[in-house]
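Participant: Got a predicted structure here, sequence first:
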Amino acid sequence: QVQLVESGGGLVQPGGSLTLSCAASGLTLRYYAISWFRQAPGKEREEISCINSAGGVTNYAGSLKGRFTVSRDIDKTTAYLQMSGLTPDDTAVYYCAAEPLTCTTLGEAADYTYWGQGTQVTVSS
C-alpha cells in the first residue's frame with residue numbers, strides 16, 4: 001500500500017518559518033516528482049511547488065517564489081518544503097503528492113495519483 005506522510009506543520013507566528021517533510025512507503029519515491037499543494041478553508045486545492053525526480057527542476061506558484069523552497073534529500077526519498085516569511089494568508093492544509101511528471105509547469109490536483117493526508121499550517125499571532 002502506497003503512503004505519503006507529511007510532517008512539520010503547526011502553529012507559527014506571522015513572519016515565522018516552518019519546514020514540511022514528505023516521506024513515502026510502498027513507493028520508490030526517487031522515481032517520482034513531488035508536488036506540494038495547499039488548501040485553505042473554502043478555497044480550491046492549489047499546487048504551490050514541484051520538484052522533479054532528479055531534484056534538478058523546481059517550480060513555484062508566482063506569489064510564493066522567494067519565500068518557499070522545495071528540495072529533496074540526496075537519496076530522493078524525502079521531499080521538503082521550507083517556508084519563510086509566513087503570513088496568515090499561508091494558513092492552510094498542506095499536502096504532498098507524487099507522480100512521474102517533469103515539473104516544468106505547475107498542474108492540478110487531478111494530475112496526481114498519490115497523496116499524503118495533509119498537515120495543518122496555521123499562521124497567527
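Facilitator: Happy to help now that I have it. Residues are numbered from 1 along each chain as shown.
Participant: What score does the residue positioned nearest the centre of the chain have for pLDDT?
Facilitator: Computing the C-alpha centroid of the chain and ranking residues by Cα atoms, centre = their mean puts residue 36 first, at 2.3 Å. On the pLDDT scale, residue 36 is placed at 97.
Participant: how close does it get to residue 64?
Facilitator: Distance from residue 36 to residue 64, counting by Cβ to Cβ, to the nearest Å: 10 Å. Quick note: C-beta positions are derived from backbone N, CA and C, even for glycine.
Participant: Find residues that contact each of the two.
Facilitator: 48, 49 (Cβ atoms under 8 Å, 6 or more residues apart in numbering).
Participant: pretty sure residue 19 is in a helix, no?
Facilitator: No - going by DSSP: H, G, I helix; E, B strand; the rest coil, the assignment for residue 19 is strand, not a helix.
Participant: Quick check: beta-bridge partners of the closest residue to residue 8 other than its chain neighbours?
Facilitator: Nearest residue to residue 8 in three dimensions, chain neighbours excluded: residue 20, at 4.2 Å (Cβ to Cβ, 6 or more residues apart in numbering). Beta-bridge pairing for residue 20 (DSSP bridges): residue 81.
Participant: neighbours of residue 20, just the number please.
Facilitator: Per other Cβ atoms under 10 Å, the neighbour tally for residue 20 reads 24.
Participant: cool, and residue 121?
Facilitator: Residue 121, neighbours per other Cβ under 10 Å, totals 22.
Participant: thought it was touching residue 88?
Facilitator: No - Residue 121 lies out of contact with residue 88 (Cβ atoms under 8 Å); the separation is 10.7 Å.
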